[in-house]
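Engineer: From the sequence below, what's the structure:
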Amino acid sequence: MSNRATEAWTSDEPYEAYIGRWSRLVAPLFLRWLPGRPGATWCDVGCGTGALAHAVLDTQAPARVLGIDPSEAFLEGARVGTADPAFRVAVGNATAIPAGDGEFDVVVSGLMLNFVPQPDAALAEMRRVTRPGGLIGAYLWDYAEGMELIRRFWDAAIAEDPAAAECDEARRFPLCRPDPLRELFAAAGLGDVDVTAIEVPTVFAGVEDLWRPFLGGQGPAPGYCASLPEERLRDLRDRLLARVPRRADGTIPLRARAWAVRGAVVQS
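Structural biologist: Below you'll find the predicted structure:
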């Protein structure tokens, strides 16, 4: 069974409930790890609902931030999420950034590179719009181990249906590990490449707060849920809930790990 036709990222509210809120926790820590560059021009490639772009505006004193995404709904969500005049958005994608050569000091991306069919082409395009001496950085979920919500979901799904393994992001996206990320950035000709882990708590208010986002149709796991008949979906829900810890107050404490990578555009 394949759910890839139903996993498109197109609607901002379901995305925010499923992944966006946790990306907003990772983004400031990611920026703290990057070298600070007050007054820089930034581009957020695949900006989604604006988690990373908004964090840049809040913490980096940028001269300008351009958010790029193929989804107009996501761009509208990102635009209305801040009143900062330094921010604007434009339709585009990782291999066709609507910007000139060397236009930005820093080009970043959150939770996007693994969804690009040719990440090396995306890095080449990101490098094109970064000035010599500029910086490129990105972060991706550790689907294999550290992004507990999604890891536990696929473990439950595969226990119910072994064919679900083909949809598991850990299997589909081998890029989301330290060595492949380091190799990708080094192969793009970037210097001073470094990779680090960023972990954040993902505490759910209760069962519905954890489960409801899987019904929004945004992303691989919700797309897989949309493909199931009601009885199998109910069985999957029960199996997932049996795999997560619960506190006495009903909250569900999980953690999420992202792998962050950065590299400098070498001056010629």
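Engineer: which residue packs closest to the residue most central in space within the chain, ignoring adjacent ones?
Structural biologist: The residue lying closest to the centre of the chain (C-alpha atoms, centre = their mean) is Leu111, at 1.7 Å. Leaving aside its chain neighbours, Leu111 sits nearest to Ser23 (5.7 Å; criterion: C-beta to C-beta, 6 or more residues apart in numbering). All C-beta spots, glycine's among them, are computed from the backbone N, C-alpha and C.
Engineer: Tell me how many other residues crowd the one you found.
Structural biologist: Using other C-beta atoms under 10 Å, Ser23 has 24 neighbouring residues.
Engineer: Next, the contact list for it, please.
Structural biologist: Taking C-beta atoms under 8 Å, 6 or more residues apart in numbering, we find Ser23 in contact with Gly48, Ala51, Leu52, Gly110, Leu111.
Engineer: what's the closest non-adjacent residue to the fourth one?
Structural biologist: Looking back up the chat, that one is Gly110. That would be Leu52: by C-beta to C-beta, 6+ apart, it lies 4.1 Å from Gly110.
Engineer: Which secondary structure element is home to the closest residue in space to Ala90 that isn't next to it in sequence?
Structural biologist: Nearest residue to Ala90, sequence neighbours excluded (C-beta to C-beta, 6+ apart): Pro98, at 5.1 Å. Assigned by DSSP states H and E, Pro98 belongs to no helix or strand.
Engineer: my read: Pro98 touches Gly92, true?
Structural biologist: Yes - with contact defined as C-beta atoms under 8 Å, Pro98 counts as touching Gly92 (4.6 Å).
Engineer: Compare the two (neighbour count), which wins?
Structural biologist: The neighbour count for Pro98 versus Gly92, taken as other C-beta under 10 Å, is higher for Gly92 (21 against 13).
Engineer: Any figure for the gap between the more buried one and Glu125?
Structural biologist: Counting by C-beta to C-beta, to the nearest Å, the gap from Gly92 to Glu125 is 10 Å.
Engineer: what does Ala61 give?
Structural biologist: Shown here: Ala61 relative to Glu125, a distance of 26 Å by C-beta to C-beta.
Engineer: okay, these two: which has more neighbours?
Structural biologist: Neighbour count, other C-beta under 10 Å: between Ala61 and Glu125, Glu125 has more, with 21 against 13.
Engineer: wait, that one sits on Ala94?
Structural biologist: Yes - Glu125 lies in contact with Ala94 (C-beta under 8 Å); the separation is 6.4 Å.
Engineer: Show me the helices in the stretch 1-150 of the chain, by range?
Structural biologist: 12-15, 21-33, 51-59, 72-80, 119-128, 148-160 (DSSP state H, counting those that start in this stretch).
Engineer: Would you point to the one among those that's packed deepest?
Structural biologist: Each of the helices of the stretch 1-150 of the chain was scored by mean neighbour count; the highest is helix 51-59, a mean of 23, by mean count of other C-beta atoms under 10 Å.
Engineer: Packing partners of that helix?
Structural biologist: helix 21-33, strand 41-45, strand 64-69, strand 87-91, strand 104-110 (3 or more C-beta pairs under 8 Å, 6 or more residues apart in numbering; DSSP states H and E).
Engineer: Now do stretch 120-135: distance to the chain's middle.
Structural biologist: How far stretch 120-135 lies from its chain's middle: 19 Å, per C-alpha atoms, centre = their mean, to the nearest Å.
Engineer: circling back: can you tell me which of the contacts of Ser23 comes closest to Tyr139?
Structural biologist: Among the contacts of Ser23, Gly110 lies closest to Tyr139 (C-beta to C-beta), at 5.5 Å.
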